[in-house]
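1. coords below, sequence missing:
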């Protein structure tokens, strides 16, 4: 029950979603005569010489795709499992990408606040080992 990703894609979540949307758009649609049912996608037998994930990576579609993703267990939102991407469902990918996107936005907010603190301290004339927060307060108060 691990919560870690082997290679966190960071800001590449959008590229992952775009690549997956393109991949699933290119798959053969269900004919109108058949009732729409959930069917596992299988490539023709002649193309199954290597796993689909490897084919996509070699084509440089998904070069930042992690080996595994973390997904919640249905019916138990407090339990997560690590699942190979090659075995992930469309829903698994959507939920994992959403979680990573939220984490990336949170990290970006922290980075932005750190940069703002740095800029305020520099505006006050702080250099090197000066306390950044004390200097930034001077800028905010208009004392520097």
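-> Looks like it came in fine. Note that the structure is predicted; figures quoted are calculated from it, not measured.
2. Show the average pLDDT along the lengthiest helix in the chain.
-> Ranked by number of residues, the top helix in the chain under DSSP state H is helix 90-123. The average pLDDT within helix 90-123 is 96.
3. Past the helix or strand bottoming out on mean pLDDT in the chain, which element shows up next along the chain?
-> Here the helix or strand of the chain ranked lowest by mean pLDDT, DSSP states H and E is helix 13-25, holding a mean of 48. Next along the chain after helix 13-25, taking DSSP states H and E as the criterion, comes helix 52-58.
4. Give the rounded mean pLDDT of that next one.
-> 83.
5. orientation of the next helix or strand after it relative to helix 90-123 in degrees?
-> Using DSSP H and E, the helix or strand that follows helix 52-58 in sequence is strand 68-73. In terms of direction (axes from the mean of the first three to the mean of the last three C-alpha atoms, to 10 degrees), strand 68-73 departs from helix 90-123 by 110 degrees.
6. mind listing what strand 68-73 pairs with, with the direction of each?
-> The strands beside strand 68-73 in its sheet (DSSP bridges) come out as strand 76-84 (antiparallel).
7. Could you check the strand it pairs with and say which residues are buried?
-> For strand 76-84, the neighbour count (16 or more other C-beta atoms under 10 Å) marks 80, 83 as buried. Any C-beta I mention is one placed from the backbone N, CA and C, and that applies to glycine too.
8. So residue 86 sits against residue 50, correct?
-> No - using C-beta atoms under 8 Å as the test, residue 86 is too far from residue 50 to be in contact (11.2 Å).
9. Looking at the two, which is more packed in?
-> residue 86 (12 against 9; other C-beta atoms under 10 Å).
10. Return the set of buried residues in the longest helix of the chain.
-> 92, 93, 95, 96, 97, 99, 100, 101, 104, 120, 121.
11. Now render these as a markdown table, adding distance to residue 81.
-> As requested, the buried residues of helix 90-123 are exported to a markdown table (distance: C-beta to C-beta, whole Å):
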| residue | distance to residue 81 |
| --- | --- |
| 92 | 10 |
| 93 | 14 |
| 95 | 12 |
| 96 | 11 |
| 97 | 16 |
| 99 | 13 |
| 100 | 16 |
| 101 | 20 |
| 104 | 22 |
| 120 | 44 |
| 121 | 44 |
